[in-house]
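[1] Show me the folded form of this:
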Amino acid sequence: MGYAYCCIGLQEKALEYCLQGLSISRDIGDYYGESSALSNIALIYNQCGDYALSIQHYKQSLKISQKLKILRIESMTLCRFAITLIKIGSYSESLEKLQQAELISLQIGSRNIQAEALKALADLHKVLGQPDIALQYCKDALLIAEKLNIPLAKECKILLHEIEYIC
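    A predicted model of the protein is given here:
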C-alpha cells in the first residue's frame, strides 16, 4: 500500500504505510518484506530530497537482500540507490551499482528492472556529458519498456528527446 501511495505522490501517507510494513516484517521475521520495505522507504526519502536518509535505508535493504540472495530486491534497490547517487554527484559509485543492477536483472530475467537500469545509465551518461552513450542506453531502455508496456516508456521518450537535442 505504501508503494502505491508513493507512486501517486502521497509521500507522507506512503511513508506511514511503509514504516508499518517494516515494523510488521521485523516482528514476524520476514526478511524479504523487511528488505522490500526498507527499499521503498529509501525511495520515499529520495523523492522528498532527503538523500542521507534515503542512502541509509538503501544500504540496510541491500545488506539484507545480498545476505539472503533476494536478487529481485537487490537489483531494484541497486538501481534506485544509483539514481540517488546521481543526484548527489557520486557518479562512479552510481555507475558501479547500475552495472550490478543490470547484470542481476539479466540473471533473473527481470526485463522491467533491466529497463530501469538502462534508463538510469542513460541519465548518468547524459549528466557526464556523454550523449552518444546516453542515447544508446536510452534507446535500449525504451525498446524494453515499450515491449512491456510499462510507464517507464514515457520517461524514456522524454529523456530520448532531451539527449537528441544535445546531440
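[2] Going along the chain, name the helices of the chain.
    Using DSSP state H, the helices of the chain run over residues 2-7, 11-28, 31-47, 51-67, 71-87, 91-108, 111-127, 131-148, 152-166.
[3] Just send these back as a markdown table, with mean pLDDT and mean neighbour count too.
    All C-beta atoms are positioned from the backbone trio N, CA, C, and that covers glycine. Formatted as a markdown table, those follow (pLDDT from 0 to 100; neighbours: other C-beta atoms under 10 Å):
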| stretch | mean pLDDT | mean neighbour count |
| --- | --- | --- |
| helix 2-7 | 50 | 17 |
| helix 11-28 | 92 | 16 |
| helix 31-47 | 96 | 23 |
| helix 51-67 | 98 | 18 |
| helix 71-87 | 98 | 23 |
| helix 91-108 | 98 | 18 |
| helix 111-127 | 98 | 23 |
| helix 131-148 | 98 | 19 |
| helix 152-166 | 96 | 16 |
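[4] Touching stretch 64-81 from outside, list them.
    For stretch 64-81, the external contacting residues (C-beta atoms under 8 Å, 6 or more residues apart in numbering) are 31-32, 34-36, 38-39, 42-43, 46, 55, 58-59, 61-62, 97-98, 100-101, 104-105, 107-108, 110, 113, 116-117, 120.
[5] go again using 7 Å as the cut-off
    Contact with stretch 64-81 is made by 31-32, 34-36, 39, 42-43, 58, 61-62, 97-98, 100-101, 104-105, 107-108, 110, 113, 116-117, 120, as judged by C-beta atoms under 7 Å, 6 or more residues apart in numbering.
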